[in-house]
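Asker: Need the 3D shape of this:
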Amino acid sequence: MKETRHKLFDVAVIGGGPAGMMAAGRAAERGFAVVLLEKNASLGKKLLITGGGRCNVTNNKEVRTMLGKYKGNDKFLFSTFAQFNTEDALNFFHSRGMATKEENEGRIFPASNKAVSVWNVLVEYIKKGDVQVRTEATVTDLAVTDKQFEVLLKDGSTVFAKSCIIATGGLS
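Answerer: Have a look, this model is predicted:
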């Protein structure tokens with residue numbers, strides 16, 4: 001019987017929105033072989049329509065004030081915001097050539113007033129990291145063995161990875 005071979009990625013990221021693109025880009029930046037799986041025909045579909053097409057990148061309020069709006073999840077989210085805060089987010093975009101501006105209530109937008117500016121930075125980030133992007137890749141199941149993750153796709157194919165990040169976001 002002939003043994004079938006498949007590529008084993010270090011990281012499979014499920015979800016091609018901003019969080020998925022950031023996670024994939026960061027993993028690749030750290031030297032991991034990454035595949036990014038997105039169910040839609042293109043990445044960042046909802047990102048491009050956020051804020052009326054302007055994309056509120058972040059908010060320049062004190063962390064505890066901001067987390068107060070997430071009652072019940074504020075303690076859970078605190079460690080995340082402590083590890084990657086507003087300043088870190090702004091440095092990420094500024095260092096990649098995207099200027100920002102602050103508006104009322106501390107809302108931060110791209111200076112261009114266009115969500116596509118954010119999208120362009122994130123797409124370049126994953127390209128630079130040589131992330132393999134698969135669009136129209138709807139995940140139907142996820143199997144975990146003691147050695148790897150097996151991500152089953154609607155088209156019948158399977159993606160194999162040592163680790164998996166689920167960044168599917170919320171409903172519109």
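Asker: from here on, contacts and neighbour counts on C-alpha atoms
Answerer: Fine.
Asker: Domain boundaries for this structure, per the record?
Answerer: 1-50+114-172, 56-113 (automatic domain parsing).
Asker: Quickly compare those domains and say which is most buried.
Answerer: Using mean count of other Cα atoms under 10 Å, the stretch among the domains of the chain with the largest mean neighbour count is domain 1-50+114-172, at a mean of 17.
Asker: Quick check: mean pLDDT of it?
Answerer: For domain 1-50+114-172, mean pLDDT is 93.
Asker: How about stretch 79-91?
Answerer: Average pLDDT, stretch 79-91: 88.
Asker: what does that stretch contact?
Answerer: 58-60, 63, 100 (Cα atoms under 8 Å, 6 or more residues apart in numbering).
Asker: Tell me which two in those residues are the farthest apart.
Answerer: Spatial extent of these (Cα to Cα) is set by the pair 63 and 100 at 19.4 Å.
Asker: Now tell me which of the contacts of stretch 79-91 the prediction trusts least.
Answerer: Lowest pLDDT among these: residue 63, 80.
Asker: how near is it to residue 84?
Answerer: To residue 84, residue 63 is 11 Å away according to Cα to Cα, to the nearest Å.
Asker: Check residue 69 too.
Answerer: From residue 69 over to residue 84 the distance is 18 Å, taken as Cα to Cα.
Asker: ok, residue 55 - contacts?
Answerer: Contacts of residue 55 (Cα under 8 Å, 6+ apart): 47-49, 109-110, 113-115, 118.
Asker: for the chain, what's the longest strand?
Answerer: strand 158-166 (DSSP state E).
Asker: what about the strands in this structure?
Answerer: According to DSSP E, the strands that the chain contains are 8-14, 34-37, 58-59, 100-102, 107-110, 132-134, 139-144, 149-153, 158-166.
Asker: distance between the second one and the chain's centre?
Answerer: Going back to what we said before, that points to strand 34-37. Put simply, strand 34-37 sits 10 Å off its chain's centre (Cα atoms, centre = their mean, to the nearest Å).
Asker: residues in contact with it?
Answerer: 9-16, 20-21, 24, 27-28, 130-139.
Asker: which other helices and strands contact the longest helix anywhere in the chain?
Answerer: The residue-count maximum for a helix in the chain (DSSP state H) belongs to helix 115-128. Under the contact criterion of 3 or more Cα pairs under 8 Å, 6 or more residues apart in numbering; DSSP states H and E, helix 115-128 touches helix 18-29.
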